[in-house]
Structures are given as structure tokens and as C-alpha cells.
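Visitor: Model the structure of this input:
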Amino acid sequence: TFGALADSLYRISERMKSPSGAEINAICKHSLESRCRGCVRNGECYSERFGDRLELISKLGELLARSGRVEAEELPKHAGADCLYLPDVIVEVNTEFAELVRDGIKGEKTELFALDYDAVSHILKETVEENRRDSEIDTELTEKVRRGIYAETGICDIKVFGTGDGVKKIYSACIGKKAEKIGSADLKAVLEKACGFPLRDLVFELKNGKVAMSTEAAKRFDFEDGAYSLSPREDEVCGDCVKQFDTPSGKFYSLISDGMGTGERAAFASEICGMFLSKMLEGGNRKDTSLKMLNTLLRARGDETSATVDLAELDPVRGKASFVKSGAVSSFIKRRDKLYKLSSSTAPFGIMKIIDAEQVCFDIEDGDVIIMMSDGVSQSPEECVPVMELLGEDITHADLGEFAKRIVMTAAENGSRDDITAALV
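Guide: Sure, this is the predicted structure:
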């Protein structure tokens, strides 16, 4: 069944990260922290070497993901050099990692051979790289923030972590007496001005008689969504699949997949695409690797199963959006009274060995509406004049689900004989 397929694919994608980056990080973090709590140097490490501690966790995880084992001589000389319990930590993380790998192989060994191992290696590399970038100090932004807040707060001990696409995290081991007298809201405002982006509420902790502070970047945008699908024949299932979902990383995705043909076969192809991509992305995998594995899965069936993929990824923290289109018709961005078209000329998934897809990126603005449609509206949406007239309306405050239905029903009333889907964000 589709449910069993989704569960199996999700388990495979999670386990084949051997184990996942989150599991590796949890092993390293728990092993180190369980010893830190009883260590005489705990206060010193937290107040003066917080970045070194994060780097040690990252290096341990990187070695586990790359080699499956940590050897002391492979660690950088400065990483954990003063740690009294490092040998015990290394033994424990190696043991726990081996147990996770053994459990994963026992649970899914029959499915492992069906995977694209090149794509799996990319997942491993991406997990390691993301862990490294999340724990790496952004030196340029750290210096900018330090200069921007010192005069008003007196805080000089502050670090900004995260050099990749992840959420920026800010930490100060000791904010000082001057900052302690400033209200939390006022201090947050000063930090936001220096950072150039909104922050979550500040968290304060008393450590070794000093007040530590931490926070991270907050969402710049919230998203609303709505979708509607229709089969032109009452006795057949719709061959389009539409999914709109948030992920634990905070990103939002809107996906339309149109299986080639109509009816059950088309629905099967599109449902595979929808289930596979939603589970992979919810599991924390990057979209490019997920798409590559999907293409391999469809080609491996050997029965000419193919489907279009129209995928929008929205990052509410960074304020960025990106589209990946493979065989999909044009989408539109409604920004105030302007309508912008996004299109590509590419083949559906499952046909070519190398993915034929194009990506378009842009900055999100408040009030933007993204309109995605399947080719049931028309091979070119511009050909359906009534639909284009609908898109000319002011839809900033419209019920997106109802507006998606209006698009679909308008296309159906104007002679569409294909499955029709519209999805709005």
C-alpha cells in the first residue's frame, strides 16, 4: 500500500544516513556532557571555551560519519586537549555508534540494496558539513555585532555561530554588569539592530556567578497555504499529488507532482514522488539529494513510470524562496499588483538518468502569493484567459484554499480534460 511504501522509504532514508546527523550529534553531546557535569573544569570550559566544546562535538561527529569510528590521533591537537575524560568519551561514542549501525542493518537489510549509494554518500557528507557549519563561528558577523553593541551594553564576550544556511545562534558567557541593568526587550533590540535580523527572546542563565545569554535568529515570515485538485472524470482518481508541509528545520515546502497520463497509473507515479520527497525533506535531507534519489527510484521500476515535479522551498528565517521545476508548467508570483512568471523547459522525473531540472531563487517580500498549477490548467496557463483574469485580482487577503478551488473550477469549466491542481502559498 502507499502507507507501507511511505513508512518503508522514510525508515530507509533515516537509517541510511548511518545513523542520522541528529543521532550522531546526540551521541557525542550526551557522552561529553555526562562527564562535564562532574568535572572540576566544567565552569571554566563553559565560560571560556564554549566554542572549543562545540568544535569537539562537531569533530567527533564528523569522524563517526566519515569513518564509523573515532581515533584519538585523528582529532586536531587543540580539540579537547585539556579534557580529562576524552579517552572515555571516545570509547563511548564508538560503542554507541556501532550499536546504532547494527540495529539499522538488522531492521532494513533487505531494502539497503535498492538505494542509490552515490546519493547516500552525499547525504553523509551533507550531514557532516551542516554540523560543521552550525558550530562554526561567523567571525565577520561576530565582530560586527561586538562593535555594534559594546557602547550601549558593555558586552565584549559574544559569539555568533553558524556559517551556512542554518539558523544563526548568539551566545555570551558573561554579559557584564552594565548589560545586566538593561531590560531584556531593550537588550534584544540593540542586538537585532547590530545583527540586521530579528531574534527570538533572550535566554539568561547564571553560571559560576556570571550571567550568560543566548538567543537565535527568529522567523521573518509566516506562511499560509491552500490547494485543490480535481479529476475530469468522476470514476477516476486524480493523477496529481499536492503536498504542503513544514519541516523540523523550519522550512516550508509546497509540491505538485503530475503523473504522466491519467487515472491510477498517473496517481501511482505522482504519489510516489509526493510521499518520497515529503518524507525525505521532513527527515532533514537536502532537496537536491532527495530529488536525485527520487529519480533513481522511478527509473529502477523499469516500467516507464515518470512524473513532473514542481517544488517550492521557503525559508522563513532567511527570507528566501527557491523553485525546482522538472517537466512542470509555469508558476506565478503575485507581488502587490504585479504578476511574475517562473517557467522552465525540462523533462519529467524518471525518464533521464541525469536529472533535468532548473532552479530559480528569489527574496520573499511580505504579502507575496506563490501560485503553482499542474498542466491541467493548460500546457501554458496563459492560454486559459479566464484563469489569468483570476490571477489579476487582489488576493493578498484571500482564503487561499478557496482561491485554489476557483482556479481549478475555472479551468474545468473552460474545457480542461486533464487532472487539474492549484496550490497557493
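Visitor: show me the contacts for Ile364.
Guide: The contact partners of Ile364, taken as C-beta atoms under 8 Å, 6 or more residues apart in numbering, are Arg220, Phe221, Leu314, Gly319, Lys320, Ala321. (C-beta placed from N, C-alpha, C; glycine too.)
Visitor: wait, the last one sits on Gln359?
Guide: No - counting by C-beta atoms under 8 Å, Ala321 stays clear of Gln359, with 10.9 Å between them.
Visitor: re the thing from before, farthest-apart pair in the contacts of Ile364, please.
Guide: Arg220 and Ala321 (11.9 Å; C-beta to C-beta).
Visitor: quick one, which of the two is more surrounded?
Guide: Ala321 (23 against 15; other C-beta atoms under 10 Å).
Visitor: So for the more buried one, what's the pLDDT?
Guide: pLDDT for Ala321: 94.
Visitor: With Lys169 instead?
Guide: Reported pLDDT at Lys169 in the predicted model: 93.
Visitor: before we move on, the earlier item: let's have the contacts of Ile364 in TSV, adding secondary structure and distance to Ala72.
Guide: As requested, those are exported to TSV (DSSP: H, G, I helix; E, B strand; the rest coil; distance: C-beta to C-beta, whole Å):
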residue	secondary structure	distance to Ala72
Arg220	coil	43
Phe221	coil	46
Leu314	strand	43
Gly319	coil	43
Lys320	strand	41
Ala321	strand	45
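Visitor: Out of these, which is nearest to Ser67?
Guide: Among the contacts of Ile364, and counting by C-beta to C-beta, the member closest to Ser67 is Lys320, at 34.0 Å.
Visitor: partners of the helix or strand where Lys341 lies in the sheet?
Guide: Taking DSSP states H and E as the criterion, Lys341 maps to strand 338-342. Paired with strand 338-342 in the same sheet, following DSSP bridges, are strand 331-335 (antiparallel).
Visitor: mind checking pLDDT for Ala312?
Guide: pLDDT, read off for Ala312, is 95.
Visitor: nearest residue to it other than its sequence neighbours?
Guide: Sequence neighbours aside, Ser254 is the residue nearest to Ala312 in space, at 4.5 Å (criterion: C-beta to C-beta, 6 or more residues apart in numbering).
Visitor: And Phe268, by the same measure?
Guide: Closest residue to Phe268 apart from its sequence neighbours, by C-beta to C-beta, 6+ apart: Gly259 at 6.6 Å.
Visitor: surely the one you found meets Cys238?
Guide: No - here Gly259 does not reach Cys238: they are 9.5 Å apart, not a contact under C-beta under 8 Å.
Visitor: shared neighbours, those two?
Guide: Listed as contacting both Gly259 and Cys238 by C-beta under 8 Å, 6+ apart are Ala267.
Visitor: of the two, who's got more company?
Guide: Applying other C-beta under 10 Å to Gly259 and Cys238 shows that Gly259 carries more neighbours, namely 28 against 23.
Visitor: Run through the strands of the stretch 301-425 of the chain in chain order.
Guide: Along the stretch 301-425 of the chain, the stretches classed as strands by DSSP state E, counting those that start in this stretch are 307-315, 320-326, 331-335, 338-342, 358-363, 369-373, 420-424.
Visitor: what's the answer for the chain, then?
Guide: For the chain, the strands defined by DSSP state E occupy 159-161, 169-172, 203-207, 210-216, 226-230, 240-246, 252-259, 307-315, 320-326, 331-335, 338-342, 358-363, 369-373, 420-424.
Visitor: Distance to Leu298 added to these, as JSON lines?
Guide: JSON lines is the format used below for the strands of the chain (distance: least, C-beta to C-beta, whole Å):
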{"stretch": "strand 159-161", "distance to Leu298": "39"}
{"stretch": "strand 169-172", "distance to Leu298": "39"}
{"stretch": "strand 203-207", "distance to Leu298": "46"}
{"stretch": "strand 210-216", "distance to Leu298": "38"}
{"stretch": "strand 226-230", "distance to Leu298": "21"}
{"stretch": "strand 240-246", "distance to Leu298": "13"}
{"stretch": "strand 252-259", "distance to Leu298": "10"}
{"stretch": "strand 307-315", "distance to Leu298": "7"}
{"stretch": "strand 320-326", "distance to Leu298": "11"}
{"stretch": "strand 331-335", "distance to Leu298": "22"}
{"stretch": "strand 338-342", "distance to Leu298": "24"}
{"stretch": "strand 358-363", "distance to Leu298": "18"}
{"stretch": "strand 369-373", "distance to Leu298": "21"}
{"stretch": "strand 420-424", "distance to Leu298": "19"}
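Visitor: how many neighbours does the closest residue to Ala307 other than its chain neighbours have?
Guide: The shortest distance from Ala307 to any non-neighbouring residue, by C-beta to C-beta, 6+ apart, is to Ala269 (4.2 Å). The local packing of Ala269 (other C-beta under 10 Å) involves 28 other residues.
Visitor: Phe276 versus Ala269, what's the distance?
Guide: With distances taken as C-beta to C-beta, to the nearest Å, Ala269 is found 11 Å from Phe276.
Visitor: Quick check: Lys144 touching Ala194?
Guide: Yes - the pair Lys144 and Ala194 qualifies as a contact (C-beta under 8 Å) at a distance of 6.7 Å.
Visitor: Between the two, which is the more surrounded one?
Guide: Ala194 (20 against 15).
Visitor: residue contacts, that one?
Guide: Lys144, Val145, Arg147, Gly148, Ile149.
Visitor: Report pLDDT for it.
Guide: Ala194 is given a pLDDT of 95.
Visitor: One more: the one 4 residues further on?
Guide: Looking at Pro198, its pLDDT reads 94.
Visitor: For burial, what's the neighbour tally of it?
Guide: 12.
Visitor: quick one: it and Lys144, what's the gap?
Guide: Distance from Pro198 to Lys144, by C-beta to C-beta: 16 Å.
Visitor: Check Glu152 too.
Guide: According to C-beta to C-beta, Glu152 and Lys144 sit 15 Å apart.
Visitor: With Cys174 instead?
Guide: From Cys174 to Lys144 the distance is 20 Å (C-beta to C-beta).
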